[in-house]
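> Requesting a structural model of the entry that follows:
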Amino acid sequence: MLPNFPLIFNCLLINSDLGFLSFACRIGLQVDFSRLPQKNLVERFIYPLMEAHKTLITQAQLNHRIRELAAQLDTDYGHSTNLVLVSVLQGAKPFCEALSTAMQTPHHVTNVQVASYGVGTYLSDGDVRVVKPVDASVTGADVVIVEDIIDTGYSMQTVLGLVNEKQPASVAVCALLSKPSRRVVTVPIDYLGFSIEDRFVFGYGIDVDQKYRELSYIGYFE
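Model prediction:
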């Protein structure tokens with residue numbers, strides 16, 4: 001029988017065993033950093049790991065793939081007279097901005113924001129709250145939801161529900177990254193930048209406790 005990892009990790013976090021916590025993160029096990037008893041422990045443990053990170057997707061690779069996605073969207077929506085890109089804040093902002101700039105088809109950009117990871121939490125537990133709902137501009141429009149990463153699928157499931165409530169003419173999903181091995185709920189991905197393994201990634205809008213969004217590439221640590 002496998003050990004009760006959540007119970008073990010809870011004990012470790014309470015006792016601030018950073019060495020074992022480092023090992024747990026590096027092998028990809030579930031760790032809830034918000035359970036750390038002091039904020040400075042996150043700063044002592046997590047941020048030094050980020051400094052030793054590796055590059056998963058370079059800026060050049062991102063730029064090239066985004067141009068390809070923009071061209072595909074232009075082909076598919078060139079006929080549309082009411083195209084709306086819905087950027088899922090905060091993570092998708094740089095991706096959506098780059099995609100919008102590269103597209104030739106006239107379109108409008110709006111935002112939606114949901115929260116599922118919390119502060120310092122590694123894995124989503126399916127508890128998604130709406131921070132900023134979708135506005136009425138999507139009603140009757142051809143909508144493309146632009147997301148940074150689809151992991152468990154919980155967040156995208158919520159966003160799709162919010163958009164569909166506004167009765168758009170059509171809905172598609174464009175994600176920069178997808179972790180198929182982590183999927184819990186099935187959600188459509190009509191346009192995908194990169195399918196990746198189950199790594200702890202950050203950069204290009206994706207944060208770790210509200211840091212590292214500004215990186216121009218996708219990084220990870222082992």
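
> which SS class is the residue nearest to the spatial centre of the chain?
What sits nearest the mean C-alpha location of the chain, by C-alpha atoms, centre = their mean, is residue 149, with 3.2 Å. Secondary structure, DSSP: H, G, I helix; E, B strand; the rest coil: residue 149 is strand.

> From residue 197, how far out is the nearest residue in space to it that is not next to it in sequence?
Spatially, and ignoring its direct neighbours in sequence, residue 149 is nearest to residue 177 (4.1 Å; C-beta to C-beta, 6 or more residues apart in numbering). Where C-beta positions appear, they are placed from N, C-alpha and C, glycine not excepted. Note on residue 177: its distance to residue 197, by C-beta to C-beta, to the nearest Å, is 11 Å.

> These two: which has the busier surroundings?
The neighbour comparison of residue 177 against residue 197 (other C-beta atoms under 10 Å) goes to residue 177, with 23 against 12.

> what's near enough to touch that one?
148, 149, 150, 193, 194, 195, 196, 201, 206, 218 (C-beta atoms under 8 Å, 6 or more residues apart in numbering).

> Please name the residues that touch the fourth one.
Read that as residue 193. Residue 193 sits in contact with 62, 65, 66, 69, 95, 175, 176, 177, where contact means C-beta under 8 Å, 6+ apart.

> redo that, cut-off 6 Å
65, 176 (C-beta atoms under 6 Å, 6 or more residues apart in numbering).

> Likewise for the first one?
With contact set as C-beta under 6 Å, 6+ apart, residue 148 has these partners: 91, 92, 95, 176, 205, 206.

> Provide the count of other residues in contact range of the fourth one.
Counted with other C-beta under 10 Å, the neighbours of residue 176 add up to 30.

> Now the helix of greatest length in the chain: average pLDDT?
Ranked by number of residues, the top helix in the chain under DSSP state H is helix 59-77. The average pLDDT for helix 59-77 rounds to 98.

> Which other helices and strands does that helix contact?
helix 93-102 (3 or more C-beta pairs under 6 Å, 6 or more residues apart in numbering; DSSP states H and E).
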